[in-house]
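Visitor: I would like the atomic coordinates for the input below:
(one chain, ligands or ions: 2)
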Amino acid sequence: MTGPVVLGIETSCDETAAAVVSAEGGVLSSVVSSQVDVHAVYGGVVPELAGRAHLELLNPVIDLALTRAGSRGATRSGSGFTKTKSPVDAVAATIGPGLIGALLVGLSEAKALSLAWGVPFAGVNHLEGHLFATLIDHREIDWPLAVLLVSGGHTMLVSMEGPGRYRLLGETVDDAAGEAFDKVARFLGLGYPGGPAIERIARGGDPTRLALPRAMLEEGLDMSFSGLKTAVVRSVKRSPEISNEDVAASFQQAVVDVLVTKTLRAAERVHARGVCLAGGVAANGPLRRALAEAAAGLGLGVFLPSREMCTDNAAMVAAAGAWQLEHIGPTPLDIGADPGLRLTLIDLPG
Ligand code: KG4
Ligand code: ZN
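Guide: Ligands and ions are numbered 1, 2, ... in the order given. I've put the predicted structure just below:
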């Protein structure tokens, strides 16, 4: 195995994740332990419980990631470190944005491992991690890419000119697209997380059954989803006979129409060579198909990370950390977690 090997740790929300990535060899292991069962009964993520679950799950998840990667032997025992030799060349962890109590668990662990193993540490922006997910599966990319980053907390269009080079083109002015999926799912009694549940039942529904708004569709690159959620609620109250399948399919179609239109517009605006999806909502099948089809029709490259790399995982954090260590250098160990961390952008000319 060649190239530095990086252990990534991700605990910004409700997935406890660790992964081992080789800068040259790709993903050696990626373990994601979902806390869905912990939070489902409350209909959403409970920050206190997320932090506590990360504390319990993180060490076993890291051990499993190291074991699966066969990382030069060393693992840890319950009583501490069994070997002084480091199993990896560096440790990376998400420092924000996310839930403060959740972030601190992964960040503290990463700092401790960096010190104990005597290897550098990279503090990774979760949003940048999502942008790196596509680089894991696609090594040859013609820049720039128009990237739609759609997750539970963020919905933004970014012109990616290469690793570390991002320009913000547009974003939601209210709810994130994933938040809209989660809220509509909760309203329909489908539970948490909402996106996969909506996608599942929408397969049996008619996407034209409900006439729903496509806000801000005609121009610009900003988006709005809170009106759509309200329109769904109003329509269902007015016509309770409409099936959940039809409601879910109509809602999903409205979101997909907006996201695809805006992404293609963004690609045109920056003369992108291709389009790319990132973030949890990018796991959505109809969105992936609609964007891929429309972009290919325009002669644009289509870069879709695998579904596992779209939702929160630590391989994307390790990949971003490996790049950072090589091009920027290690992060000082006194860095804190930042729940509101923004993506670092390059200035627009003029
Ligand atoms: O990126 P992510 O795992 O966590 C955040 O950083 O927020 O994204 C989670 C979001 C949730 O809102 C979830 O409902 C949505 O991604 N999601 C989906 C699908 N899978 C996850 N939305 C639509 N369709 C899916 N298949
Ligand atoms: Zn995320």
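Visitor: Please count neighbours and contacts with C-alpha atoms only from this point.
Guide: Will do.
Visitor: L7 should be in a strand, yeah?
Guide: Yes - residue state for L7 (DSSP: H, G, I helix; E, B strand; the rest coil) corresponds to a strand.
Visitor: Show me what it bridges to in the sheet.
Guide: Beta-bridge partners recorded for L7 (DSSP bridges): V20, V91.
Visitor: And for G26?
Guide: S22.
Visitor: how about the nearest residue to W143, chain neighbours excluded?
Guide: Nearest non-adjacent residue to W143, counting by Cα to Cα, 6 or more residues apart in numbering: E161, 5.3 Å away.
Visitor: Look at that neighbour and tell me its secondary structure.
Guide: strand.
Visitor: hang on, it packs against L131?
Guide: No - using Cα atoms under 8 Å, E161 is not in contact with L131; the gap is 11.4 Å.
Visitor: so what's the residue nearest to W143 up against?
Guide: 143-145 (Cα atoms under 8 Å, 6 or more residues apart in numbering).
Visitor: Can you check what pLDDT the model gives G78?
Guide: You'll see G78 listed with a pLDDT of 44.
Visitor: My guess is R165 contacts L343. True?
Guide: No - R165 lies out of contact with L343 (Cα under 8 Å); the separation is 10.2 Å.
Visitor: More neighbours: which of those two?
Guide: L343 (17 against 14; other Cα atoms under 10 Å).
Visitor: From ligand 1, how far out is the more buried one?
Guide: 13 Å (Cα to the nearest ligand atom, to the nearest Å).
Visitor: so that residue touches H130, yeah?
Guide: No - the criterion here is Cα under 8 Å, and L343 misses it with H130 at 11.0 Å.
Visitor: For this protein, give me the ranges with low pLDDT.
Guide: 1-2, 72-84, 347-350 (pLDDT under 70).
Visitor: residue boundaries of the helices in it?
Guide: Applying DSSP state H to the chain gives helices spanning 36-40, 47-69, 100-117, 126-137, 177-187, 194-202, 226-238, 244-269, 285-297, 307-310, 315-327.
Visitor: now the third one against helix 47-69, angle please.
Guide: Same thing as helix 100-117. If you take axes from the mean of the first three to the mean of the last three Cα atoms, to 10 degrees, helix 100-117 sits at 30 degrees to helix 47-69.
Visitor: Residues touching helix 100-117, excluding its own?
Guide: Counting by Cα under 8 Å, 6+ apart, 9-14, 47-48, 50-52, 54-55, 58, 84-86, 90-96, 120-121, 123, 333, 337-339 sit against helix 100-117.
Visitor: For that helix, what is the distance to the chain centroid?
Guide: 20 Å (Cα atoms, centre = their mean, to the nearest Å).
Visitor: near ligand 1, which residues of the stretch 101-250 of the chain show up?
Guide: 151-153, 178-179, 181-182, 193-196, 199 (Cα under 6 Å from any ligand atom).
Visitor: Now list the buried members of those.
Guide: The neighbour count (16 or more other Cα atoms under 10 Å) marks 151-152, 178-179, 181-182, 193-196, 199 as buried among these.
Visitor: out of the residues you listed, who's nearest A319?
Guide: Ranked by distance to A319 (Cα to Cα), those are led by S151 at 18.9 Å.
Visitor: thinking again about what came up before, most neighbours of all the contacts of E161, which one?
Guide: The contacts of E161, ranked by neighbours (other Cα under 10 Å): first place L145, 27 neighbours.
Visitor: That one against C276, yeah?
Guide: Yes - at 6.6 Å, L145 and C276 qualify as touching, with contact defined as Cα under 8 Å.
Visitor: contacting residues for the residue nearest to A93 when sequence neighbours are not counted?
Guide: Nearest non-adjacent residue to A93, counting by Cα to Cα, 6+ apart: I9, 4.6 Å away. I9 is in contact with 16-19, 62, 91-94, 106-107, 110, 314, 317-318, counting by Cα under 8 Å, 6+ apart.
Visitor: one more time with 7 Å
Guide: Neighbouring residues of I9 by Cα atoms under 7 Å, 6 or more residues apart in numbering: 17-19, 92-94, 106, 314, 317.
Visitor: Can you flag the buried ones in those residues?
Guide: 17-19, 92-94, 106, 314, 317.
Visitor: ok, L28 to F121 distance?
Guide: 19 Å (Cα to Cα, to the nearest Å).
Visitor: Same drill for those two, tell me which one is more crowded.
Guide: F121 (30 against 19).
Visitor: Does the more buried one touch D89 like I think?
Guide: No - contact criterion Cα atoms under 7 Å: F121 and D89 do not qualify, at 9.5 Å.
Visitor: how near is the residue nearest to W143 to H271?
Guide: 11 Å.
Visitor: What of F225?
Guide: For F225, the distance to H271 - Cα to Cα - is 26 Å.
Visitor: again with S108
Guide: Taking Cα to Cα, one finds S108 at 42 Å from H271.
Visitor: try I100
Guide: 38 Å.
Visitor: and if you look at P97?
Guide: Taking Cα to Cα, one finds P97 at 30 Å from H271.
Visitor: now swap in L325 and tell me
Guide: L325 is 30 Å from H271, by Cα to Cα.
Visitor: With L115 instead?
Guide: 45 Å.
Visitor: Then S151?
Guide: 25 Å.
Visitor: cool, and A295?
Guide: As for A295, its distance to H271 is 13 Å (criterion: Cα to Cα).
Visitor: again with P4
Guide: 34 Å.
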